[in-house]
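got a sequence here, can you model it:
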Amino acid sequence: MLDGFNPRHVRIVGSYWMRFSLRTGGGLVAVLLALVTGLTVAQVFITPVENVIAGAPELGHTEDEAIDEIGRIAQSEQIVNMVEWLTGQDQSEVEYLLGEQPALLSVIWLLLLVCFPFLTALSSFNQTAGDIGSRGLRYLLLRTERANIYVGRAIGSTLFSLGSLLLLIVMVALYVGLKLRLYSFGDVLGSSVTACLALVLLSLPYIALCGWVSAMFDSAFAALAMCLVAIGVPIVFIKIADGVSDMDLAWMERLTPWGWKYELLSGDIGIRLLACAVMLGFTALFGALGLMHFHRRDL
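Modelled structure (predicted):
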């Protein structure tokens, strides 16, 4: 499968594909949807906090007292139990996210972990499907090998997704850090870097999965539909099966990258490293299967 693999060709293909993605309508839509979704999630939690701070003088409280009250609410038993139920994590992990880390940012990052697998599909579904349908890859094959095309476009898609992710993280972090001033610069920076790494690692296996699906079809629309099905159906199936069965089937989520997403923010460094290794393992598996299919199919 790696016959004729050339890192220089991979770099050229990857850089061209990243620039091409930025120029297409689909690429711009993917970036806008990622930003709109992320900022909407952030605004849902930021707006109530802003209202509490803005309304503090009318209630006879200073801004510092309002910030202290927000911190106490974030670490209350009700909020801890709610996040524990949502994430399925034990209480110590939830208290780490809400107590030791900036609570407002932690909640935003948790919900972005839920959204980003699907947003990743919007920027990665057409790695090869469109050009397979138009027969455009035949001309590229005159100059390089299949492995270079497939790996290069996967890397280009990853860099494209990384760009929109970094932009979103920076916007949220700057707003919370400079406008709300709830947390110190170091806390905001540390939480943002951790979240960025977590979202990147979660995106990797889904980019590889979308590349595999894209290699199966010769229509970009069909590839997009099947990418969303491949991401969403296992999640929904496991949730339904766990809900109707007398047995605990939640462990089945561990057979997918989805089941390891919250561990990427764990306070236990060992658990976090294990989750990172699992994400890289899924990426290698899906990438190898996709490359194998692309190597064999008629172009």
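
counting contacts, what elements does the helix or strand where Ser192 lies pack onto?
Ser192 belongs to helix 185-216 when elements are defined using DSSP states H and E. If contacts are counted by 3 or more Cβ pairs under 8 Å, 6 or more residues apart in numbering; DSSP states H and E, helix 185-216 sits against helix 103-124, helix 129-134, helix 146-174, helix 220-244, helix 269-296. Quick note: C-beta positions are derived from backbone N, CA and C, even for glycine.

would you turn those into a markdown table with distance to Cys210, mean pLDDT and mean neighbour count?
Shown next, in a markdown table, are the helices and strands packed on helix 185-216 (distance: least, Cβ to Cβ, whole Å; pLDDT from 0 to 100; neighbours: other Cβ atoms under 10 Å):
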| stretch | distance to Cys210 | mean pLDDT | mean neighbour count |
| --- | --- | --- | --- |
| helix 103-124 | 4 | 88 | 23 |
| helix 129-134 | 10 | 86 | 19 |
| helix 146-174 | 8 | 90 | 21 |
| helix 220-244 | 5 | 87 | 16 |
| helix 269-296 | 9 | 93 | 17 |
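
got JSON lines for the ones you listed, with distance to Ala195 too?
Below are these laid out as JSON lines (distance: least, Cβ to Cβ, whole Å):
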{"stretch": "helix 103-124", "distance to Ala195": "4"}
{"stretch": "helix 129-134", "distance to Ala195": "31"}
{"stretch": "helix 146-174", "distance to Ala195": "6"}
{"stretch": "helix 220-244", "distance to Ala195": "20"}
{"stretch": "helix 269-296", "distance to Ala195": "12"}
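
and the ones you listed: which comes nearest His9?
Closest to His9 of the helices and strands packed on helix 185-216 is helix 146-174 (Cβ to Cβ; 4.0 Å).

could you give the angle of that closest one to helix 103-124?
Interaxial angle of helix 146-174 relative to helix 103-124 (axes from the mean of the first three to the mean of the last three Cα atoms, to 10 degrees): 150 degrees.

give the contact list for Ser214.
For Ser214, the contact set (Cβ atoms under 8 Å, 6 or more residues apart in numbering) comprises Ser124, Phe125, Asn126, Gln127, Thr128, Ala129, Ala223, Cys227, Gly290.

out of those, which is nearest to Val170?
Closest to Val170, out of all of the contacts of Ser214 and judged by Cβ to Cβ, is Ser124, at 21.6 Å.

of the contacts of Ser214, which is the nearest to Phe5?
Among the contacts of Ser214, Gly290 lies closest to Phe5 (Cβ to Cβ), at 15.0 Å.

residues contacting the closest one?
Residues counted as contacts of Gly290 (Cβ under 8 Å, 6+ apart) are Tyr150, Ala154, Ala208, Leu209, Gly211, Trp212, Val213, Ser214, Ala215.

ok, now Ala275?
Here Ala275 is in contact with Leu201, Trp260, Lys261, Glu263, Leu264, Ser266 (Cβ under 8 Å, 6+ apart).

repeat that for 10 Å
Ala275 is in contact with Ala198, Leu201, Leu202, Pro257, Gly259, Trp260, Lys261, Tyr262, Glu263, Leu264, Leu265, Ser266, counting by Cβ atoms under 10 Å, 6 or more residues apart in numbering.
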